[in-house]
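Trainee: Fold the stuff below for me.
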Amino acid sequence: MNPAMTALRMKLEELECHFTWELDCSRYKLLCIRDHLEDIGNDRSCPWLGQKYNLLAYIHHTLGSNDVALQCLKKAEEAYKLNRPLDLMGLCLLITYGNLSWVYYHLNNQEESLGYMKKVEALLHDYPSPSQGELHPMLCAEKAWTLMKFDQEKKKKAIEYFQTAISVEPERKELKSSHALVLASVHNFNPDNQQEESRVLETLRLVKEHDPDNLYVASTYLIRLGLGSQVRREEACDIAFQILNRPFSCYSGFVLILYFYRLYLSNDAAIDLALEALKRHPNVRYLKMSLAMCYKWKIISMEDNASKELMIDKAISLYIEVISRYVDTSIKLKVDLASIYALSSIDRRELADQIYEELLATIQESPMLQLIYNRYASYLHFNRNDRRRSIQYHMMAAEMPDLNIYGERSLKTLRKILEQGKDISEEICKFLNNRQLEKSTGLN
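Mentor: Numbers count the residues shown, from 1 in each chain. Presented below is the predicted three-dimensional model:
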């Protein structure tokens with residue numbers, strides 16, 4: 001690397017932008033975030049359109065598509081010019097220009113990279129941060145919105161950045177709404193901690209009043225109330241009607257309302273709502289995935305009969321289509337499809353076997369392996385009557401580092417089998433003891 005590029009690199013590393021925010025995660029997680037951002041849609045009324053394109057640009061660069069990254073950054077620039085006040089325009093473009101400088105640097109285009117670096121330096125001179133060495137408070141919103149798309153630790157940081165952003169722009173509804181949503185995401189419903197639960201509910205309630213058009217917040221609030229035994233069915237139906245009559249995106253709250261319908265109305269009501277949404281927006285892949293989930297919920301609750309088999313046929317056909325629309329992020333969809341094959345009265349277990357064999361042979365990332373091992377273990381136990389292999393796969397899920405919900409489920413299953421004193425209890429006991437030893441000595 002020549003001295004000029006080395007000096008440029010040092011300057012780049014001092015910028016506040018996606019390339020310096022330590023957004024490291026697995027390739028699969030990046031692909032999932034990419035699909036999520038694409039499902040937001042391109043509605044110009046979306047207050048986070050510029051932030052969406054900035055994050056998409058970083059993801060496309062990380063996945064190896066610099067040309068697409070540059071296209072996204074140009075769209076981010078256009079979105080900011082459309083949605084932000086003229087006197088704040090330069091400040092809003094700081095992060096975009098920083099990203100552009102980084103992308104051109106990686107393309108070995110020193111001239112363009114330096115050009116955008118100079119633009120960043122000029123803007124930093126015009127809009128200095130009140131606290132030297134810290135991100136300008138009015139840019140904290142973008143960093144917060146970005147971090148909330150990643151893991152729990154980053155979401156906790158997002159809460160702090162949103163609070164800083166709200167302190168300087170309290171009139172921006174989207175800041176308070178996103179702050180409330182990430183707060184609810186970090187602090188899951190916990191009936192044993194009423195103080196925390198009351199704080200989350202009150203935050204959601206106030207934001208719902210302040211930003212009544214945000215149906216994602218309204219849906220989140222209703223779900224949270226329902227989990228605490230305050231079920232508001234009429235209000236949910238009203239929100240569903242409003243969602244149906246708006247442009248669709250994954251920010252509409254639609255999946256949350258479907259979940260509410262499933263819990264507090266019926267699976268049939270959820271299916272009817274999803275079908276109506278698809279009737280109005282027939283090409284939205286996100287809605288097709290939502291309907292597929294509704295079919296799965298319905299099938300699980302049905303008795304074995306001809307109606308169930310018809311529903312299974314519908315679900316299989318739809319899942320295959322949805323998987324083709326989410327080619328790079330379809331692991332959970334494929335596992336769901338395998339489960340539906342296994343529930344059929346027609347013996348389709350070979351098709352389920354094929355799915356699991358393919359996933360076991362190709363997936364290497366720990367979080368997704370925990371999902372696959374856990375679900376495959378259940379399949380082996382309930383559908384293949386292979387108890388020993390089932391336990392082996394539960395062990396494989398439970399021995400992985402940083403257990404997620406699926407690894408924890410496998411661990412819970414193993415402990416339950418041990419309590420029952422079955423014939424393989426000695427092997428499980430040895431496994432659990434070794435796991436505890438590794439955990440206590442910091443080896444895991």
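Trainee: where does the chain dip in pLDDT?
Mentor: Applying pLDDT under 70 to the chain flags residues 1, 86-87, 422-423, 437-444.
Trainee: Just the element for the closest residue to E174 other than its chain neighbours, please.
Mentor: Excluding its sequence neighbours, the residue lying closest to E174 (Cβ to Cβ, 6 or more residues apart in numbering) is P47, at 4.1 Å. Bear in mind the C-beta positions are built from the backbone N, C-alpha and C, glycine included. Under DSSP states H and E, no helix or strand contains P47.
Trainee: Hmm, P47 is touching K176, no?
Mentor: No: taking contacts as Cβ atoms under 8 Å, P47 lies outside contact range of K176: 11.6 Å.
Trainee: Between the two, point out the one with more neighbours.
Mentor: Applying other Cβ atoms under 10 Å to P47 and K176 shows that K176 carries more neighbours, namely 22 against 18.
Trainee: List the residues that contact the more buried one.
Mentor: 166, 170, 206-207, 210-211 (Cβ atoms under 8 Å, 6 or more residues apart in numbering).
Trainee: what about it, which helix or strand?
Mentor: Residue-wise, K176 maps onto helix 173-186 under DSSP H and E.
Trainee: which is the next helix or strand following that helix?
Mentor: helix 194-210.
Trainee: any idea of the angle that following helix forms with helix 173-186?
Mentor: For helix 194-210 against helix 173-186, the angle by axes from the mean of the first three to the mean of the last three Cα atoms, to 10 degrees is 150 degrees.
Trainee: Helices of the stretch 51-200 of the chain, residue ranges please.
Mentor: Taking DSSP state H, counting those that start in this stretch as the criterion, the stretch 51-200 of the chain carries its helices at 66-83, 89-106, 110-126, 140-147, 152-168, 173-186, 194-210.
Trainee: which residues are in contact with the third one?
Mentor: Counting contacts by Cβ under 8 Å, 6+ apart, the residues outside helix 110-126 that touch it are 4-5, 8, 11-12, 15, 90-91, 93-94, 97-98, 100-102, 104-105.
Trainee: now that helix: how far from the chain's centre is it?
Mentor: 33 Å (Cα atoms, centre = their mean, to the nearest Å).
Trainee: residues making contact with the helix or strand hosting L318?
Mentor: Using DSSP H and E, the element containing L318 is helix 306-325. For helix 306-325, contacts defined as Cβ under 8 Å, 6+ apart pick out 285, 288-289, 291-292, 295-296, 298-299, 302, 330, 333-334, 336-337, 340-341, 343-346.
Trainee: rewinding a little: mutual contacts of P47 and K176, please.
Mentor: Between them, P47 and K176 share no contacting residue under Cβ under 8 Å, 6+ apart.
Trainee: among the contacts of K176, who's most crowded?
Mentor: Ranking the contacts of K176 using other Cβ under 10 Å puts V207 first, with 24 neighbours.
Trainee: need the contact list for the closest residue to that one other than its chain neighbours.
Mentor: Counting by Cβ to Cβ, 6+ apart, A180 is the residue found nearest to V207 once chain neighbours are left out, at 4.2 Å. Counting by Cβ under 8 Å, 6+ apart, A180 touches 203-204, 206-207, 217, 220.
Trainee: In contact with the residue nearest to E174, which residues?
Mentor: Contact partners of P47, counting by Cβ under 8 Å, 6+ apart, are 83, 172-174.
Trainee: Nearest to L256 among the contacts of A180?
Mentor: Set against L256, the nearest of the contacts of A180 by Cβ to Cβ is T220 (6.1 Å).
Trainee: Among the contacts of A180, give me the pair with the biggest separation.
Mentor: L206 and T220 (13.1 Å).
Trainee: buried ones in the helix holding K176?
Mentor: Of the residues in helix 173-186, 173-184 count as buried by neighbour count, 16 or more other Cβ atoms under 10 Å.
Trainee: which residues of the stretch 201-350 of the chain fall in helices?
Mentor: In the stretch 201-350 of the chain, the segments counted as helices under DSSP H, counting those that start in this stretch are 215-227, 233-244, 254-264, 267-280, 285-301, 306-325, 331-343, 349-362.
Trainee: Pull out the buried positions in the longest one.
Mentor: Residues of helix 306-325 classed as buried under the neighbour-count rule (16+ other Cβ under 10 Å) are 308-309, 311-312, 314-316, 318-319, 322-323.
Trainee: do the same with stretch 48-67
Mentor: For stretch 48-67, by 16+ other Cβ under 10 Å, it's 48-62, 66.
Trainee: Any chance you could list what contacts stretch 89-106?
Mentor: The contact list for stretch 89-106 (Cβ under 8 Å, 6+ apart) reads 5, 8-9, 12, 15-19, 50, 54, 57-58, 61, 66, 69-70, 73, 76-77, 80-81, 84, 110, 112-114, 116-117, 119-120, 123-124, 126-127, 136, 138-139, 142.
Trainee: Alpha carbons only: can I get it in PDB?
Mentor: Taking C-alpha atoms only, stretch 89-106 is exported to PDB below (Å, rounded to 0.1, in the frame of the first residue of the first chain):
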ATOM      1  CA  MET A  89     -28.900  18.600   4.800                       C
ATOM      2  CA  GLY A  90     -25.100  18.700   5.100                       C
ATOM      3  CA  LEU A  91     -25.200  17.200   8.500                       C
ATOM      4  CA  CYS A  92     -27.400  14.300   7.300                       C
ATOM      5  CA  LEU A  93     -25.000  13.500   4.500                       C
ATOM      6  CA  LEU A  94     -21.900  13.200   6.800                       C
ATOM      7  CA  ILE A  95     -22.400   9.400   7.200                       C
ATOM      8  CA  THR A  96     -23.300   8.800   3.500                       C
ATOM      9  CA  TYR A  97     -20.200  10.600   2.400                       C
ATOM     10  CA  GLY A  98     -18.100   8.700   4.900                       C
ATOM     11  CA  ASN A  99     -19.500   5.500   3.500                       C
ATOM     12  CA  LEU A 100     -18.800   6.600  -0.100                       C
ATOM     13  CA  SER A 101     -15.200   7.400   0.900                       C
ATOM     14  CA  TRP A 102     -14.800   3.900   2.300                       C
ATOM     15  CA  VAL A 103     -16.300   2.100  -0.700                       C
ATOM     16  CA  TYR A 104     -14.100   4.000  -3.200                       C
ATOM     17  CA  TYR A 105     -11.100   3.300  -1.000                       C
ATOM     18  CA  HIS A 106     -11.900  -0.500  -1.200                       C
END
